[in-house]
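Trainee: my questions concern the predicted model and sequence given below.
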Amino acid sequence: MSSTSNPLTKALKRIVISLMSLGLFVLLIVPSALALNDGQQMILETWSLVNEGYLYPKQFDNIQWRKLRQKALGRPISTTEDVYSAIERMLLPIGDPYTRLLRPDDYAAMKASNLGSEINGVGLQLGARSNDGQIVVIAPLEGSPAADAGIVSGTKVILVNGESPKSLGLEATAAKLRGEIGSQVVVEIQNPDGETEELTLERRSVDLRPVRTRRLRSETHTLGYLRITQFSEGVPQQVEEALKELSEKDVEGIVLDLRNNSGGLVSSGLAVAEAFLSNSPIVETRNREGIKDEILASEETLYDGPLVTLVNGGTASASEILAGALQDNGRSLLIGSRTFGKGLIQSLSTLSDGSGLAVTVAGYLTPNGRDIQSLGIEPDRLLDQPEPINPGGAEDRWLNDAELLIGANLDLQNIEQESQSKVLEESSNPNQENELAQPFKESEA
């Protein structure tokens, strides 16, 4: 027994010693983890979401991503502002203005916008240029103080109440432009022609109303006008109702207006594309592993008649997905000016304190494989500048051009159909000599 028990006793002792060592190790580790306050836990939460989802993970090696986490955790964290500042500093070296922290008020405003409700502010949709971080106007919201002041797509925002948007970042700049109804904000801007001016804008409630429609009548044609200013949650249903209404009015063609549509929910943009495309590719997405996923439209459409689409520099993101799909599939001519060029897709996550995190998780290509990030989409026909400042209004020259174009195409189709009908009628009459053959007989004589 002794020869057997001694090895067994020694083995048990080794196990006990190992467990004791492991327990000591755990005791050394756990207190430091338990010592993390709520703010530090939120930093870790943010770091993990970005680390697991960001589209370009190779960028992490260039910026020493793990060290940035440790640096953020090592900062004194005693207030909520300390947490937000630490997270923003941690994300800044990534160099992607669309991967960003959304503070609770900003996050709530974004969600309200995606629901298609109202916002209180000056009505500017902003973007950040990827090459230099400059904050620029994607589009002014229709009927907003910014639109009334004549601010146009492509305008640089130089200062907001004396602060530089490049230092503030995209979301903080947008937040400073929002505020109580009746309050004022001073902005310094530089328009696309290089002219700088200072404006005092009074904030007010802006009705987003993303889908607008009406009938366009001329001496020869009845057309439909469908304007979509953003892709919020209820837009697909509203577009379906609008197309049904226009069909009941026997329109011969539709002008789809995507000018100053800065995007929104990609899912809404895809659903609207389904309304016009049948069993055709809409977009190709590319994830961080480089895997491409093609998204196809179903066979059933809501409208398959003549279509012309208006775009401009304010046409961005989800609206560019729709415009690119219509152009690449030959479904619609694009007319206007080059689009904005945002070919990245962000996911939104709610953090533990109610703030949000936007992370760039995918890029997209048009059905023909075009990557439009920072390039935009060139329309089939460029329209004369300067661009109309009130899309859809009485003085909208571009809308008039779209009406003339679709009307001319309808006239051409009618002529071709009449010619084909005449040929079929003559060729089916056995008592009449085939006139199409006659010229050949004469040439042979």
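Mentor: Done, it's in.

Trainee: just the mean pLDDT for stretch 299-319, thanks.
Mentor: Averaging pLDDT along stretch 299-319 gives 93.

Trainee: quick one, domains of the chain?
Mentor: Domain ranges of the chain: 118-207, 211-408, per automatic domain parsing.

Trainee: quick one: which of those domains is nearest Ala108?
Mentor: domain 211-408 (8.4 Å; Cβ to Cβ). Where you see a C-beta, it was placed from the backbone N, CA and C, and this is true even at glycine.

Trainee: just the helices in the stretch 301-445 of the chain please.
Mentor: 318-328, 397-427, 438-444 (DSSP state H, counting those that start in this stretch).

Trainee: using CSV, please lay out those together with mean neighbour count and distance to Ala112.
Mentor: As requested, the helices of the stretch 301-445 of the chain are exported to CSV (neighbours: other Cβ atoms under 10 Å; distance: least, Cβ to Cβ, whole Å):
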stretch, mean neighbour count, distance to Ala112
helix 318-328, 27, 18
helix 397-427, 14, 30
helix 438-444, 8, 70
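
Trainee: wouldn't Leu49 be in contact with Ser349 here?
Mentor: Yes - in this structure, Leu49 is within contact of Ser349 by Cβ atoms under 8 Å, at 5.5 Å.

Trainee: which residues touch Leu258?
Mentor: 228, 309-311, 315, 319, 322-323 (Cβ atoms under 8 Å, 6 or more residues apart in numbering).

Trainee: one more time with 6 Å
Mentor: By Cβ atoms under 6 Å, 6 or more residues apart in numbering, Leu258 lies in contact with 311, 315, 319, 323.

Trainee: before we move on, what about Ser355?
Mentor: Neighbours of Ser355 in contact, by Cβ under 6 Å, 6+ apart: 102-104, 107.

Trainee: pick out the most distant pair among those residues.
Mentor: Leu102 and Pro104 (8.0 Å).

Trainee: give me the more crowded residue out of those two.
Mentor: Leu102 (22 against 15; other Cβ atoms under 10 Å).

Trainee: ok, now how distant is that one from Arg338?
Mentor: To Arg338, Leu102 is 29 Å away according to Cβ to Cβ, to the nearest Å.

Trainee: residue contacts, the spatially most central residue of the chain?
Mentor: For the chain, the residue nearest the mean C-alpha position is Ser317 (2.8 Å; Cα atoms, centre = their mean). Contacts for Ser317 were tallied using Cβ under 6 Å, 6+ apart; they are 263, 342.

Trainee: what are the ranges of the strands in the stretch 1-150 of the chain?
Mentor: Secondary structure of the stretch 1-150 of the chain, counting by DSSP state E, counting those that start in this stretch: strands at 100-102, 118-121, 124-128, 135-140.

Trainee: in JSON lines, list the helices of the stretch 301-445 of the chain along with distance to Ser205.
Mentor: Formatted as JSON lines, the helices of the stretch 301-445 of the chain follow (distance: least, Cβ to Cβ, whole Å):
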{"stretch": "helix 318-328", "distance to Ser205": "24"}
{"stretch": "helix 397-427", "distance to Ser205": "27"}
{"stretch": "helix 438-444", "distance to Ser205": "71"}
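
Trainee: ranking those by mean pLDDT, which is last?
Mentor: helix 438-444 (a mean of 37).

Trainee: just to revisit the earlier point, any shared contact partners between Leu49 and Ser349?
Mentor: Leu357.

Trainee: ok, Gly324 touching Tyr364?
Mentor: No - under the criterion of Cβ atoms under 6 Å, Gly324 makes no contact with Tyr364, lying 8.6 Å away.

Trainee: tell me where the model's unsure across the stretch 51-200 of the chain.
Mentor: In the predicted model, the stretch 51-200 of the chain carries pLDDT under 70 at residues 115-118, 129-132.

Trainee: ok, the contacts of Ser355 vs Glu284, which is closest?
Mentor: Leu102 (27.9 Å).

Trainee: excluding chain neighbours, give the residue nearest to the closest one in space.
Mentor: Computed as Cβ to Cβ, 6 or more residues apart in numbering, the closest residue to Leu102 that is not its neighbour in sequence is Gly356, at 3.7 Å.

Trainee: give the contact list for the one you found.
Mentor: Under the criterion of Cβ under 6 Å, 6+ apart, the contact list for Gly356 reads 102, 107, 348, 350.

Trainee: what number of residues lie near the third one?
Mentor: Put plainly, it is Leu348. 14.

Trainee: show me what it is bridged to.
Mentor: Beta-bridge pairing for Leu348 (DSSP bridges): Ala358.

Trainee: please tell me how far Arg215 sits from Leu302.
Mentor: For Arg215, the distance to Leu302 - Cβ to Cβ - is 17 Å.

Trainee: give the partner strands of the helix or strand where Glu188 lies in its sheet and their orientations.
Mentor: Element membership of Glu188 [criterion: DSSP states H and E] is strand 184-190. Paired strands of strand 184-190, with direction, are strand 156-160 (antiparallel), strand 196-202 (antiparallel) (DSSP bridges).

Trainee: list the buried residues in the longest one.
Mentor: By neighbour count on 16 or more other Cβ atoms under 10 Å, the buried set for strand 196-202 is Leu201.

Trainee: now do the first one
Mentor: Within strand 156-160, the residues that count as buried by 16+ other Cβ under 10 Å are 156-158, 160.

Trainee: ok, residues contacting it?
Mentor: So strand 156-160 is contacted by 134-136, 165, 173, 176, 187-190 (Cβ under 6 Å, 6+ apart).

Trainee: kindly report the same for the last one.
Mentor: Taking Cβ under 6 Å, 6+ apart as the criterion, the residues outside strand 196-202 that touch it are 122, 145, 149, 184-188, 190.

Trainee: just to revisit the earlier point, just so I know, which of the strands paired with strand 184-190 lies nearest Pro93?
Mentor: The nearest among the strands paired with strand 184-190, by Cβ to Cβ, is strand 156-160 at 23.1 Å.

Trainee: check which residues of the next helix or strand after that closest one are buried.
Mentor: Next in sequence after strand 156-160, counting helices and strands by DSSP H and E, comes helix 165-168. Using 16+ other Cβ under 10 Å as the burial criterion, the residues of helix 165-168 that qualify are 165-166, 168.

Trainee: about what we covered before: list just the nearest of the contacts of Leu258 to Leu55.
Mentor: The nearest one, if we look at the contacts of Leu258 relative to Leu55 and count by Cβ to Cβ, is Ser319, at 20.5 Å.
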